[in-house]
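**Q** Next input, structure requested:
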Amino acid sequence: MVLEQIYTGCLAQGAYYIESNGEAVVIDPLRETDPYLKRAAQDGATIKYIFETHFHADFVSGHVDLAQKTGATIVFGPNAKTGYQAHIATDNEIFHIGQVQIKVLHTPGHTMESTTYLLIDENGKEHCIFSGDTLFIGDVGRPDLAVKSDLTTEDLAGHLFDSLRNKIMPLPDSILVYPAHGAGSACGKNMSKETVDTLGNQKANNYALRTNMSRQEFIKEVTDGIAPPPQYFPKNVLLNKEGYNSLDTVKSHGLKALNPAEFEFLVNDQGALMLDTRSIDAFAASHIPNAIFIGLDGSFATWVGTLIPDINQAIVFIADEGREDEVVTRLARVGYDNTLGYLKGGMNSWKDAGFETETIKSVSVDELEKLIEGENLNVVDVRKPSEFAAEHVADAKNIPLDYLNEYLGELNKDETYYLHCKSGYRSLISASILQSRGYHVINVNGGFDAILASTIKTTDYVCPSTLK
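**A** Alright, predicted model coming up:
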């Protein structure tokens, strides 16, 4: 038996490949199918099944494309209803893959179709579970993401309590737990950076698996402090339920090389959004006016999904040479399929054609420190409220990047705002959005990490005027 976890850090997502005696399955694949096709070819195996633990909200799965390319059967757990052909399994149903078996454990709670898959090895031993978003390492799945459900968050949390105690906790402590996500995913509150553990360790250390916890205590703890989900989550759920265009089709128009005139036409006449995916330094030094920065070297897909409200928005992009395919693929992973092409030759071609460019002004922390001493500055901290509450620049305002669009009416275009995050990525995204809408912004190089190394006064007191 071959078992491989294929982990994608930018989405904190784990897909799984299992092969036995020339037959293979893939669990929760990402949108691009090549990694799984190549892995099966390497083993001389045929992909027989594609198991989905639930309808994912934070990414578009590759199950539809992979089934079309391999003839494999898509499998969901009970209660799932799809817009394409799939096998809806029954609780405790067993699937045979070579000399191993996969048993269906219906574990509703995160969503009502959520299912855990139990792998039984060649010797008949219960080896591991693929727990999807039911059980994470250190946490459990949030119970507030069901789309078009008449069940409340508390109802779903109650189902999750039952699933964990009736289906998962009775399993042997030696069983390995392979979840769908790790730290950095918005599908839970307190996930570990580890991506596998024994069930015994989780029973001992995961707050949600305490044996002395009542149903009501569980519901309260699991639902307490859940941040609102990103706006693209329900849109991804619908794509995963109903189907989508093949990634090959998305790439066929998304990877069109555009000269500067063609690029400008799509922006001005077709309403395409300009997305600049280069590095922080490159964008700050020179970019196309009104372009939005979301760099590939960060949580690119997550911020695209959070900040671009229309999943069908036409997008043209600027990328470092050789990374164009990566941009289109990572956009498609979260359902942004309407890419129309990229600027051929990048910023050099734009400048050579005589088109206008602009910069993002910045200051060092040393310069900021002198300015703070001399005048009352508008320092804006774009980190999460929890980061801000822990420690922040005295008298700074908190406008989390996630909710920047909601607070534009509270900012004054006649004033200047000094923006920072932890290290610079989020603040430059914020700066690009604000500057494109006519606000005066200056980015603080090095962010709060550099501020902590200075003598700028910080506090953990949240003043009443702070924006929430």
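**Q** rest of the way, CA atoms for contacts and neighbours
**A** Will do.
**Q** Tell me how far the least confident helix or strand in the chain by mean pLDDT lies from the chain's centre.
**A** When each helix and strand of the chain is scored by mean pLDDT, DSSP states H and E, helix 365-374 comes last, with a mean of 90. Relative to its chain's centre, helix 365-374 lies at 36 Å (Cα atoms, centre = their mean, to the nearest Å).
**Q** how about that helix: buried residues?
**A** Using 16 or more other Cα atoms under 10 Å as the test for burial, helix 365-374 gives 365, 368-369.
**Q** Same question for stretch 307-327.
**A** 307, 311, 314-320, 324, 327.
**Q** Could you work out the end-to-end span of that stretch for me?
**A** Start-to-end span of stretch 307-327 (Cα to Cα, to the nearest Å) is 16 Å.
**Q** what's the answer for stretch 189-202, then?
**A** 16 Å.
**Q** and the nearest residue to Ala89 once chain neighbours are set aside, how far is that from Leu30?
**A** Distance criterion Cα to Cα, 6 or more residues apart in numbering; nearest residue to Ala89, sequence neighbours excluded, is Gly77 at 5.0 Å. According to Cα to Cα, Gly77 and Leu30 sit 19 Å apart.
**Q** Between these two, point out the one with more neighbours.
**A** Between Gly77 and Leu30, counting by other Cα atoms under 10 Å, Gly77 is the more crowded of the two (28 against 25).
**Q** Please name the residues that touch that one.
**A** Gly77 makes contact with 52-54, 88-91, 104, 106, 113-115, according to Cα atoms under 8 Å, 6 or more residues apart in numbering.
**Q** if we go to 7 Å?
**A** Under the criterion of Cα atoms under 7 Å, 6 or more residues apart in numbering, the neighbours of Gly77 are 88-90, 106, 113-115.
**Q** Neighbour-wise, which one of the residues you listed leads?
**A** Thr115 (30 neighbours).
**Q** And the residue nearest to that one when sequence neighbours are not counted, how close does it get to Val267?
**A** Once flanking residues are discounted, Thr115 sits nearest to His106: 4.5 Å by Cα to Cα, 6+ apart. According to Cα to Cα, His106 and Val267 sit 48 Å apart.
**Q** what do you get for Pro143?
**A** 40 Å.
**Q** got it, and Asn206?
**A** 49 Å.
**Q** now Val327
**A** 18 Å.
**Q** same thing with Pro234?
**A** Taking Cα to Cα, one finds Pro234 at 28 Å from Val267.
**Q** quick one on the thing from earlier: will you turn the contacts of Gly77 into a markdown table that also has pLDDT and secondary structure?
**A** As requested, these are exported to a markdown table (pLDDT from 0 to 100; DSSP: H, G, I helix; E, B strand; the rest coil):
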| residue | pLDDT | secondary structure |
| --- | --- | --- |
| Ile88 | 98 | strand |
| Ala89 | 98 | coil |
| Thr90 | 98 | coil |
| His106 | 98 | strand |
| Glu113 | 97 | coil |
| Ser114 | 97 | coil |
| Thr115 | 98 | strand |
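**Q** Give the closest residue to Val382 in space, chain neighbours not counted.
**A** Pro400 (4.2 Å).
**Q** need the contact list for that neighbour.
**A** 382-385.
**Q** Mind doing that once more with 6 Å?
**A** By Cα atoms under 6 Å, 6 or more residues apart in numbering, the contact list for Pro400 reads 382-384.
**Q** Throw those into TSV and include secondary structure, neighbour count and pLDDT, thanks.
**A** Listed next are the contacts of Pro400 as TSV, based on DSSP: H, G, I helix; E, B strand; the rest coil; neighbours: other Cα atoms under 10 Å; pLDDT from 0 to 100:
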residue	secondary structure	neighbour count	pLDDT
Val382	coil	25	97
Arg383	coil	21	96
Lys384	coil	17	93
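**Q** Please identify which of those residues is nearest to Gly298.
**A** The shortest gap between Gly298 and any of those belongs to Arg383, at 14.6 Å (Cα to Cα).
**Q** At which residues are the helices of the stretch 51-200 of the chain located?
**A** 63-70, 153-163, 199-205 (DSSP state H, counting those that start in this stretch).
**Q** winner for burial among these?
**A** Most buried of these, by mean neighbour count (mean count of other Cα atoms under 10 Å): helix 153-163, with a mean of 22.
**Q** count of residues packed around the residue nearest to His110 when sequence neighbours are not counted?
**A** Of all residues not flanking His110 in the chain, Pro143 sits nearest, at 4.5 Å (Cα to Cα, 6+ apart). Residues near Pro143, counting by other Cα under 10 Å, number 28.
**Q** residue contacts, Pro143?
**A** Pro143 neighbours (Cα under 6 Å, 6+ apart): 110, 153, 156-157.
**Q** Could you save these as JSON lines and add columns showing pLDDT and distance to Ile120?
**A** Formatted as JSON lines, the contacts of Pro143 follow (pLDDT from 0 to 100; distance: Cα to Cα, whole Å):
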{"residue": "His110", "pLDDT": "95", "distance to Ile120": "24"}
{"residue": "Thr153", "pLDDT": "93", "distance to Ile120": "33"}
{"residue": "Leu156", "pLDDT": "96", "distance to Ile120": "29"}
{"residue": "Ala157", "pLDDT": "96", "distance to Ile120": "28"}
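**Q** In JSON lines: those, plus distance to Ala450.
**A** Shown next, in JSON lines, are those (distance: Cα to Cα, whole Å):
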{"residue": "His110", "distance to Ala450": "39"}
{"residue": "Thr153", "distance to Ala450": "40"}
{"residue": "Leu156", "distance to Ala450": "43"}
{"residue": "Ala157", "distance to Ala450": "41"}
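**Q** Could I get the contacting residues of the closest residue to Gly62 other than its chain neighbours?
**A** Excluding the flanking residues, the one nearest Gly62 by Cα to Cα, 6+ apart is Arg31, at 3.7 Å. Arg31 sits next to 60-62, 333 when contact means Cα under 6 Å, 6+ apart.
**Q** Among those residues, list the two that are farthest apart in space.
**A** Longest span within the contacts of Arg31, Cα to Cα: Gly62 and Arg333, 8.6 Å.
**Q** Surely Phe317 forms part of a helix?
**A** No - if the criterion is DSSP: H, G, I helix; E, B strand; the rest coil, then Phe317 is strand and not within a helix.
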